[in-house]
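> fold the following for me, if possible:
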Amino acid sequence: MKKYLIPIFAFSLVVVFCAEHHAFAHKAVDFHGAIQIAGLGEKIKEDVDGEVAVSQWGHEETHGNFEEAFFQFVFPSENTECGNLLDEGTATVSVYRENKYTTKSKKFPLDFSEDGMAEVIERILNKHGEIVRNALGLDECFSITDGEGTTESGKIISFANAYIAKCKAVVKSSSVNISFKTRPKLKIYDAGYQNMKEYTLRISGKLEIPYEHVHE
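As a prediction, this is how the structure comes out:
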């Protein structure tokens, strides 16, 4: 991960639905949704959006199912609650359908990229730095970059990835809805791993890929 979570990945294949729901290549579809973070005393809810590239989506025999998708989360330039500037950027999360159901299944499990979602979550934690700072008992601001941050007084904040569980997609008449949950660790300690405290974050998200809003 790069500073302020601005990795840029290229989309390789995208699709769009026409009136008959046939697939076309080289199109990008908007998605939107929300991610909620609990476990820091005050709940954080962040609206997210961007573009998604999907392979095998739209074939009549799959009923809107897909093999894989690449979500490019788009972040605007904005100030954090602590006054730090977060640059405009993107974070890409790859999603693959687990091979437990046929391609005709309208409800199926997904495998989310842990690294990709970590970048998205770090961006949200940095934006809501005041909530995080109060939960950790800090008197100073911080910025987590590449999974770790250090305060002026030498406190170290570490964000550890967690497996994304209970991730599934449901094919609706006008959209594909995706939900997921993960419980990563947020740690704070002094040099030499002294005085460590751990906080388990309860993170849930819901994303929607509508069949409309196609970019030519």
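
> what residues sit buried inside the strand or helix carrying Asp49?
Secondary structure assignment for Asp49, by DSSP states H and E: strand 44-55. Using 16 or more other C-beta atoms under 10 Å as the test for burial, strand 44-55 gives 44, 46, 48-55. To be clear about C-beta, it is placed using only N, CA and C from the backbone, and glycine gets the same treatment.

> beta partners of the closest residue to Lys43 other than its chain neighbours?
In this structure, Lys43 finds its nearest non-sequential neighbour in Gln36, 6.3 Å apart by C-beta to C-beta, 6 or more residues apart in numbering. Taking DSSP bridges as the rule, Gln36 bridges to Lys45, Ser204.

> where along this protein do the helices fall?
Taking DSSP state H as the test, the helices found in the chain are 114-127, 129-136.

> for Lys206, find the nearest of the ones you listed.
Closest approach to Lys206 among these is made by helix 114-127 (13.5 Å; C-beta to C-beta).

> and the closest one, what does it pack against?
strand 28-38, strand 44-55, strand 68-75, strand 85-86, strand 89-97, strand 156-160, strand 175-182 (3 or more C-beta pairs under 8 Å, 6 or more residues apart in numbering; DSSP states H and E).

> the bottom helix or strand of this protein by mean pLDDT?
One helix or strand of the chain scores below all others by mean pLDDT, DSSP states H and E: strand 214-215, with a mean of 43.

> related to what we said a few turns ago, pull the residues that contact the strand holding Asp49.
With C-beta atoms under 8 Å, 6 or more residues apart in numbering as the test, strand 44-55 has contacts from 11-15, 28-38, 66-74, 90, 120, 124-125, 127-128, 131, 205, 207, 209, 215.

> quick one: mean pLDDT for that strand?
What strand 44-55 shows for mean pLDDT is 93.

> got the CA coordinates for that strand in PDB?
The C-alpha trace of strand 44-55 is given here as PDB (Å, rounded to 0.1, in the frame of the first residue of the first chain):
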ATOM      1  CA  ILE A  44     -18.200   5.000  11.700                       C
ATOM      2  CA  LYS A  45     -20.300   4.800   8.600                       C
ATOM      3  CA  GLU A  46     -18.700   5.800   5.300                       C
ATOM      4  CA  ASP A  47     -20.500   6.000   1.900                       C
ATOM      5  CA  VAL A  48     -18.300   4.600  -0.800                       C
ATOM      6  CA  ASP A  49     -18.500   4.500  -4.600                       C
ATOM      7  CA  GLY A  50     -16.500   4.000  -7.800                       C
ATOM      8  CA  GLU A  51     -16.400   1.800 -10.800                       C
ATOM      9  CA  VAL A  52     -16.500  -2.000 -11.200                       C
ATOM     10  CA  ALA A  53     -15.300  -4.300 -13.900                       C
ATOM     11  CA  VAL A  54     -16.900  -7.700 -14.100                       C
ATOM     12  CA  SER A  55     -16.100 -10.700 -16.200                       C
END
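
> so where's this structure uncertain?
1-27, 57-64, 100-101, 212-216 (pLDDT under 70).

> and the helices of the chain, which is most packed in?
Comparing the helices of the chain by mean neighbour count (mean count of other C-beta atoms under 10 Å), helix 114-127 comes out on top with a mean of 22.

> I'd like the buried residues of strand 44-55 written out as JSON lines, with distance to Asp190 added.
Below are the buried residues of strand 44-55 laid out as JSON lines (distance: C-beta to C-beta, whole Å):
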{"residue": "Ile44", "distance to Asp190": "26"}
{"residue": "Glu46", "distance to Asp190": "30"}
{"residue": "Val48", "distance to Asp190": "34"}
{"residue": "Asp49", "distance to Asp190": "39"}
{"residue": "Gly50", "distance to Asp190": "38"}
{"residue": "Glu51", "distance to Asp190": "42"}
{"residue": "Val52", "distance to Asp190": "42"}
{"residue": "Ala53", "distance to Asp190": "44"}
{"residue": "Val54", "distance to Asp190": "46"}
{"residue": "Ser55", "distance to Asp190": "47"}
